[in-house]
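Enquirer: need a structure here:
(chains A and B)
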Amino acid sequence: MMTKAMVDTSAMPGWGVDADAENNPTWPMRQIDNQQTRGLSWQRPAQQHPHVEVLRSIEHNRLPAVIGTSTPPSGLSGAIRRYAFRRSESDWWHWLLLMGADRINVVEGVIEDLAHGKVPNIPAELGAKAEWKYNKKGFVLKAGTVLALGLGVAAMLRGGPRPDSAEEPAAPAEPATTMLPAPYWETPPVPAAPVVLIAPDIA
Amino acid sequence: MLAMNYRGPYRVRADERPMPRILHPEDAIVRVTRSCICGSDLHLYHGMVPDTRVGMTFGHEFCGTVEQVGAEVRNLNVGDHVLVPFNIACGKCHFCQQGLFGNCHESNAQATAVGGIYGYSHTAGGYDGGQAQYVRVPYADVGPMVIPDWMDPDDAVLLTDVVPTGYQAAEMGGIQPGDTVVVFGAGPVGLMAARSAWLFGASRVIVIDHVEYRLDFARVFGPAEVYNFREIDDMVVFLKKLTDSLGPDVCIDAVGGDAAGSAIQTLLGTKLKLEAGNAIALHWAINSVKKGGIVSIVGVYGPTGNIIPIGNVVNKGITIRANQASVKRLLPRLIDHIKNGHMNPKAMITHRVPLTDVADAYHIFAAKLDGCIKPVLLPNGL
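Expert: Predicted coordinates:
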């Protein structure tokens, strides 16, 4: 299939006389001098048949011949992604919905780990070992800050009536609704990573 | 097999995963010998790229040996040591035929703006990447290239992205002999852009960053004049003063959405995600480049929008050129440059890390610890 010819350019006086490939601002990336036809005219590779759900941009008129099959959509985040793909790449909501789905997917990931009997080692995943090895000062500063914040929150949650208001009826304790994960800097340091520094060999 | 596993922003680990399979007759399976962490991976790592799903394996800069080939693969043999361009490209579509291998139309179902990229979110096709012991390589006759016997594999792995991206940044700048070129960003791509600018005939190359050890490296590797933007009150005025008040001929944005240097851009782009990242480097590039000059963008931004001074682009008559690098198109030229000693990419490699320590490698690179310029993962050992 060729792109539709809207006018007969062969009959147009002067058509193309100033065309200069090297004056094309996309030169040399856009090499079109050897193209016989334009448009959706190439011989397609064989079509890969997806064995998992693959979402498709509505700007595509067909599934590309080869597709990635990593991490198909699932759960609540998957439902949001499916909805997002009803909108085009030009629609801001398409991307904002996908970003929202990404955040929900993180929680789903923790639940998935736990469901498989695996407690994620979040400090290790955050690179705490490297932080301890190469940035002890920052490590201690962050740990102190988070510890202080944690103690502050804990004190607020546990706080009973103050001495000067002892006669006031105690407010019912607020139920804890969120279990905060332990910040990685509250765990003891682990042995240093076997990272090898290679001195740059500058020619 | 062991593979990197993304668990959410700032959280990665190495896990046992199923072996990749041939899913298309033009596929190959490659046993990875080296796999870099790219600055672009940090955009994923920081949660800035939409549709980055938990459980995905990153990695678009890798080389390795061919383990298995599909029925229609003709140019590769089992045992070949290949470098694999980060673009997944069919070689046949309208765009591949133009040499736009980063814009293949037959490799990314989820988006049309960009072609497929290994391990780079579902916005770039949803392919698992090469930070693993094995990886599926589609269109194996098109992208992968057998590494020449004389070439160091450390150079080869950098030819999959960093070197061609930096080189194309300079190429898109349309640099003419005698030009002054400013490169924003002293990461590996910025370093290669600075090095490449000389090959196109620049007479002055300036690199801007705020990480001192990287500026020190750029001073030697470029070689380039280097300036720390944290020590400069107004970047645009400073660059104008360096260039007779006219501005540099060419500005290269080798930073992308993970920039620093503007509180408002950081708030809107990095923290609130209301922009496609922090675009301050691009803002500086547009405002400082000479009237009629060229701004070349290879820094990665998200797919939404950014606040940039587009009115000044019009008023100054600036040409903006940008793309993902077309690795396959550039490889022959770049291999010649390495062979002739015009480039020494492997000098940028500072860290070699086993895949089991992938979380630490990401943290070291992202937090710029231990003088890190370029970390390489070794999924199958040395």
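
Enquirer: could you list the buried residues of stretch B:322-335?
Expert: B:323-331, B:334-335 (16 or more other C-beta atoms under 10 Å in any protein chain shown). The way it works is simple: take the backbone N, C-alpha and C, and place the C-beta from them, glycine included.

Enquirer: give me the subset of those residues touching chain A.
Expert: Filtering those for proximity to chain A by C-beta under 8 Å from any C-beta of the partner chain leaves B:323, B:326, B:329.

Enquirer: let me know the pLDDT of the first one.
Expert: Here the pLDDT value assigned to B:N323 is 91.

Enquirer: tell me the contacts of it?
Expert: A:29, B:100, B:102-103, B:168, B:172, B:298 (C-beta atoms under 8 Å, 6 or more residues apart in numbering or on different chains).

Enquirer: who touches the residue of chain A found nearest chain B in this structure?
Expert: Proximity of chain A to chain B (C-beta to the nearest C-beta) peaks at A:G127, 2.5 Å away. Contact analysis of A:G127 by C-beta under 8 Å, 6+ apart lists B:10, B:359-360, B:362-364, B:367.

Enquirer: helix or strand next in line after the helix or strand of chain B with the lowest mean pLDDT, which one?
Expert: Within chain B, no helix or strand scores below helix B:263-265, which has a mean of 88 by mean pLDDT, DSSP states H and E. Next along the chain after helix B:263-265, taking DSSP states H and E as the criterion, comes helix B:280-288.

Enquirer: what comes into contact with that following helix?
Expert: With C-beta under 8 Å, 6+ apart, helix B:280-288 has contacts from B:182, B:184-185, B:208, B:235-236, B:239-240, B:247-248, B:251-256, B:259-262, B:265, B:295, B:297, B:299, B:301, B:306-309, B:312-313, B:316, B:318, B:320.

Enquirer: buried residues in the least confident helix or strand of chain B?
Expert: With burial defined by 16+ other C-beta under 10 Å, the residues of helix B:263-265 counted as buried are B:Q265.

Enquirer: other SSEs contacting it?
Expert: Where contact means 3 or more C-beta pairs under 8 Å, 6 or more residues apart in numbering or on different chains; DSSP states H and E, helix B:263-265 is not packed against any helix or strand.

Enquirer: just how off-centre is it within its chain?
Expert: 24 Å (C-alpha atoms, centre = their mean, to the nearest Å).

Enquirer: related to what we said a few turns ago, chain neighbours aside, what residue packs nearest to the residue of chain A closest to chain B?
Expert: With sequence-adjacent residues excluded and distances taken as C-beta to C-beta, 6 or more residues apart in numbering or on different chains, A:G127 is closest to B:H363, at 2.5 Å.

Enquirer: any of the contacts of helix B:280-288 buried? List them.
Expert: Buried members of the contacts of helix B:280-288, scored by 16+ other C-beta under 10 Å, are B:182, B:184-185, B:208, B:235-236, B:239-240, B:247-248, B:251-256, B:259-262, B:265, B:295, B:297, B:299, B:301, B:306-308, B:313, B:316, B:318, B:320.

Enquirer: state whether B:I308 is indeed within a strand.
Expert: No. Using DSSP: H, G, I helix; E, B strand; the rest coil, the assignment for B:I308 is coil, not a strand.

Enquirer: do I have it right that it meets B:A276?
Expert: No. Using C-beta atoms under 8 Å, B:I308 makes no contact with B:A276, being 10.6 Å away.

Enquirer: joint contacts of these two?
Expert: What both B:I308 and B:A276 touch, as defined by C-beta under 8 Å, 6+ apart, is an empty set.

Enquirer: contact partners for B:G174?
Expert: Counting by C-beta under 8 Å, 6+ apart, B:G174 has contacts B:250, B:294, B:319, B:321.

Enquirer: same question, B:D155
Expert: Taking C-beta under 8 Å, 6+ apart, we find B:D155 in contact with B:338, B:344-346.

Enquirer: 6 Å instead?
Expert: B:338, B:345-346 (C-beta atoms under 6 Å, 6 or more residues apart in numbering or on different chains).

Enquirer: any idea how far it lies from chain A?
Expert: Using C-beta to the nearest C-beta, to the nearest Å, one gets 11 Å for the distance from B:D155 to chain A.

Enquirer: hmm, back to that, between the contacts of A:G127, which is closest to chain A?
Expert: Using C-beta to the nearest C-beta, those come closest to chain A at B:H363, 2.5 Å.

Enquirer: count the neighbours of the residue nearest to B:A28 when sequence neighbours are not counted for me.
Expert: If the residues on either side of it in the chain are set aside, B:A28 comes closest to B:A140, at 3.6 Å by C-beta to C-beta, 6+ apart. Neighbours of B:A140 under the rule other C-beta atoms under 10 Å in any protein chain shown: 28.

Enquirer: SS state for B:A140?
Expert: Assignment for B:A140 (three-state DSSP): coil.

Enquirer: enumerate the residues of the stretch 251-382 of chain B near chain A.
Expert: Proximity of the stretch 251-382 of chain B to chain A, by C-beta under 6 Å from any C-beta of the partner chain, involves residues B:303-304, B:319, B:344, B:347, B:351-353, B:357, B:359-360, B:363-364, B:369-370.

Enquirer: now intersect those residues with the helices, please.
Expert: B:359-360, B:363-364 (DSSP state H).

Enquirer: so which residues of the chain form helices?
Expert: Just so you know, I chose chain A. Using DSSP H, helices in chain A cover A:75-84, A:92-115, A:122-125, A:128-134, A:136-158.

Enquirer: switch to chain B, that's the one I care about
Expert: Counting by DSSP H, the helices of chain B are B:39-45, B:153-158, B:162-172, B:188-199, B:212-221, B:235-242, B:263-265, B:280-288, B:310-316, B:327-339, B:358-366.
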